Each structure stands twice: as structure tokens, then as C-alpha cells.
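Undergrad: Got a predicted structure plus its sequence, pasted below:
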Amino acid sequence: YQKDYDIQSSSRLDAATFSGLSNLFEDLEVTQVEHIIERAEKKLQYRISHTYFLNLVTHILILIKRVRSHQRIAAVNEPELHHQTDYVLKMYTIAKEVSREISECFDINIPENEIHYIKQYLLCSGMEKDISPSNVELFVNHADSSLKELVDEMVQTSTKVMNLNLQGDKELYTGLLMHIKPMVNRLKYQINIKNPLLEEIKHQYSATFGMTWLVCSIIERKLNVKVNEDEIGYVTLHFQAAIERCVGLKRAIVVCPGGIGTSQLIANRIKRLIPQLEIAEVISLGRLSHFDLSNIDFIISTVPLHIEVKPVITISSLVSEVDIKNINNFFWEDTFSKKEASITCANLFKVLDPQLIFPQVDFTDKEQLIDYLCDQLQSKGYVKEGFQQSVVQRENIASTSLGNSVAIPHGEDQYVERSKIIIATCSNVLDWEEGEVKIIFLLALKFGEQIVVKDILTDLYSIFDSENTLTRLTECTTAEEVMMLLGEGT
């Protein structure tokens, strides 16, 4: 026992992840792989971050298992070595040294294709350290075409669901490219890792977590794997960072009757103190009536303006601390007010049935509630036998609690005859393993139907992201009240 404790205590992996890996590999094997990577870090001259260290450990362990069982991976189509950049050649050299150590330590022969995959993981770790445009382009060019198609669809779907343009976010695209491949490998080989930030992610970013879970159904459908909530938590962080970058891109103009020098001083001070605000242009008062305001979020002016088309913040010519505070407050209040505005659920209404809305149900057991709701779907012919079992299997892999008193149990679309969503609220808080739940959206969605699933997911995200709507949902006592609440914006 003491020996096992010493091995685990020296690991850079958290105890739960180390224990999970130990169920599939020998403790000593996990530790030996860690040591090989740590020696590679000395050649890289930087310490690999936790996420990429974990990705590399699990990839090499899977590689060892794959080679031992004589499984081959697809060939890597890459330029000849003499056409590669010095940076790629350095990574290839280190990957080759890592492969040599693996061969000696585990008495196996590492094929050339595997060396190229190790090189790609090292490129990932270097990308996080130095995410320069050249490195981004380099990594994207070396990524699998099938992986790029998958990430493209995930970004397109999230853009549609959240009504935010994330498709131009290179950091999101590259981050997902680097993360998804090792994640899929872990899922295929049933390697479960623990996300130490999971509860915090679900608490702080519950709507994004819910959206990510829905988007990850693309991975499940295309690759025939089940994504657990620990992995979804890691992917959520990529999307949340992109959302914050996108929300931060608000554009304003500065209107000043003074000279250009004074105007630029004002603009530069605002830029320096509020970096998330883009000053599109500094214009004179005389130009304002002819200026195109369609792509401007609000106006900052040193003189009072009587304009109704855009919000105006009046500041002093010296841009005091009070002025900066007022601009900042307006910036975030504007963002928040848009988020809490009346939601529109016209697409969701296409898959709602008043007879499948159950307010204030009195269940104390999660399994009994799921059985009851699935029975309602099956009795009306919306799902086939097997749907209820697929919902339970999904829950056994990972709880579908989003962390904001909402759960989204869902089953396989192969058992769905016609897309429907059940809404149920509980009269008392229901224990949902990973959290307490009061609102349940049971999803039975058929992806091949004419109904655009992405549009339905957009409406669901709007609900998850509105604390006001969720609170009011728990207060509804009839199906008609629920329909009226969700129909307010339609």
C-alpha cells in the first residue's frame, strides 16, 4: 500500500484521474510515461500545462496498448521532413526521442505514424505557450481533415445555438482541434478522467455547459462514443472563453467638438482603461449626422446629444475615474439586459405538447421520474421501446444535471419516432446525483427530421441562460402557464 501511495503521490495527475488510469494500466506504467514526458519537457524548455500533460499521458498509454494488440492507425499525410519548418523539425526530433524511450521501457516497436502523432501533441503543448499566428497556421495545416470537419460543425452549431458569431474565433477553433482528438481517444478506450473544476464550471457557466453538452451530441453521433460530464466541462471552458471574447467586442465612437489631439487623448485613455471596448472612430460633432451608426453599439460624447437610435454616454473632456466607471457599468448592463430580455421560443413550440408539460410533479426518485416521463412519450407513440433504456444508460455514463437546477436527460435518436421535448418541474428539490434539480427537459430529438434541431437548441440555450425565465418556470402551476411564459416573446 505504501509503495502504491508513493507512486501516486509523485504523479502530476490528480488522485481521481491517476486511479482511473490505474484501472486500465499498471501504476508503474503510468508513472514511467509521466517520467518520459518530463524528460521531453527539459528538451522543450518549458513545462507542459495540466490539460496537455494529461492529453499526452493518456495518448501514449493508448499508443502502448494499441501497439501491443497490433492495431494500426491511419497513415499521416504530411510534407517530407526537408520541407518542414525548423520548429516542426525540433518537435519531430523530440517525438522520436520520446518514441525511443517508450520502445526501450515497454519493449515494443513504435511505427513512424505513431511518432508523427506524438509530434502533433507536442505541437499542441507548444501552441498554448506560444499561440503566434504562424504556429496557429502550422498546427491547423497538420490537423486531420475529419477532425477539422467535426470542429467546424461544432463551432457552426454553437454559433447558431447562442446567436453569437464564433466562426471567426481562431483561438476557439484551434483550441478545440487540440483538445477533441485526445478526448475522443480517451472515450473510445474508456479512460475516465476527473475534472477538478467541474462543479465550479457547472455553477458559474451552467448555460454554456448545457449548450456544450448539446453540441457534443455531434461527436457522439458521428463517432459512436458517449461524452461524460468531466470531458464536457473541459470543452465548456473553450466555448466560455470564446463567448467572453465575443461579448467583449463592443464598438463605440467618440464624439468631441474639440480638436483631433484632444479627441485622440480621450480615445486612448478609454482604450487603455477599458480594453474590451473597441473605439471604431473619433469624429467631430459636425460629422455625426452623416456617420453610419449601424455597426456601432453606443456613442461616447463630451457634449450632451439628443439621439434616439443609439445609447449615448456623456463624459468630461478629462475622462475622469467616474467617467470610466460609468462607461464600464453601461457596457456590462447593456450585455446583461440583452441576456435577460424576453426570450423567443418559436422553434421550441414545434416540439412541445401541452399534454407533455408536467408542472409541480411530486417525485423523490430520479429514476422513477425518468420512467414516468418516458412512458408518457411512448404511450403517445413519439418514441419506441428502448428509448427509456437509452436515457438511463446516458445517465449512468454521466449525470445530465447542468448545475442551475436544470437537468437535460436525453435518449438515442434511433428510438425517436417524432421529435418532442417534455418539460417537468418538481414541487420539491430532486437529487440528481451531481446536483439538485427542479426543472427537467427530457429531449427526444430525431436529427433526420425536417425540424431544424439547431433552432430548437437555440431556444433551449436562451432558457438556460435566463435566470428570470428559470425562476418563473418553477413558479408555474399549469401547462398553460408554462406555454404562456415561453410564448411571451413570440
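TA: Okay, I see it.
Undergrad: How far off centre is stretch 264-273?
TA: 33 Å (CA atoms, centre = their mean, to the nearest Å).
Undergrad: Can you give me the buried ones in that stretch?
TA: Leu265, Ile266, Ala267, Arg269, Ile270 (16 or more other CB atoms under 10 Å). C-betas here are computed from N, CA, C, even on glycine.
Undergrad: And Thr174, how far from Ser401?
TA: 30 Å (CB to CB, to the nearest Å).
Undergrad: And for Gly168?
TA: 33 Å.
Undergrad: which of the two has more neighbours?
TA: Each of Gly168 and Ser401 has its neighbours counted (other CB atoms under 10 Å); Ser401 has more, 27 against 10.
Undergrad: the strands in the chain, which residues?
TA: Using DSSP state E, the strands of the chain run over 250-255, 277-283, 298-301, 312-314, 357-361, 406-407, 420-431, 436-444.
Undergrad: helices or strands up against the third one?
TA: Strand 298-301 makes packing contacts with strand 250-255, strand 312-314, helix 321-339 when contacts are defined by 3 or more CB pairs under 8 Å, 6 or more residues apart in numbering; DSSP states H and E.
Undergrad: and that strand, C-alpha only, in CSV?
TA: Taking C-alpha atoms only, strand 298-301 is exported to CSV below (Å, rounded to 0.1, in the frame of the first residue of the first chain):
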residue,chain,number,x,y,z
PHE,A,298,-23.1,53.1,-28.4
ILE,A,299,-21.7,56.7,-28.5
ILE,A,300,-19.4,58.3,-26.1
SER,A,301,-19.6,62.1,-26.2
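Undergrad: Give me the contact list for that strand.
TA: By CB atoms under 8 Å, 6 or more residues apart in numbering, the surrounding residues in contact with strand 298-301 are 250, 252-256, 266, 270, 293, 305, 307, 310-315, 327, 330, 334.
Undergrad: Make a ChimeraX selection of the buried ones in these.
TA: A single ChimeraX command selects the buried members of these (16+ other CB under 10 Å):
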select :250,252,253,254,255,256,266,270,312,313,315,327,330
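Undergrad: need the longest helix for the protein.
TA: Criterion DSSP state H: the longest helix present in the chain is helix 86-106.
Undergrad: buried set for that helix?
TA: Neighbour-count burial for helix 86-106, counted by 16+ other CB under 10 Å, picks out 88, 90-92, 94-99, 101-102, 106.
Undergrad: Distance to Ser217 and pLDDT for these - can I get that in JSON lines?
TA: As requested, the buried residues of helix 86-106 are exported to JSON lines (distance: CB to CB, whole Å; pLDDT from 0 to 100):
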{"residue": "Val88", "distance to Ser217": "35", "pLDDT": "76"}
{"residue": "Lys90", "distance to Ser217": "39", "pLDDT": "85"}
{"residue": "Met91", "distance to Ser217": "34", "pLDDT": "85"}
{"residue": "Tyr92", "distance to Ser217": "36", "pLDDT": "87"}
{"residue": "Ile94", "distance to Ser217": "37", "pLDDT": "93"}
{"residue": "Ala95", "distance to Ser217": "34", "pLDDT": "92"}
{"residue": "Lys96", "distance to Ser217": "38", "pLDDT": "94"}
{"residue": "Glu97", "distance to Ser217": "40", "pLDDT": "95"}
{"residue": "Val98", "distance to Ser217": "35", "pLDDT": "95"}
{"residue": "Ser99", "distance to Ser217": "36", "pLDDT": "95"}
{"residue": "Glu101", "distance to Ser217": "39", "pLDDT": "96"}
{"residue": "Ile102", "distance to Ser217": "35", "pLDDT": "95"}
{"residue": "Phe106", "distance to Ser217": "36", "pLDDT": "94"}
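Undergrad: got TSV for these, with distance to Leu56 too?
TA: Formatted as TSV, the buried residues of helix 86-106 follow (distance: CB to CB, whole Å):
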residue	distance to Leu56
Val88	17
Lys90	16
Met91	12
Tyr92	15
Ile94	12
Ala95	11
Lys96	15
Glu97	14
Val98	9
Ser99	13
Glu101	13
Ile102	12
Phe106	16
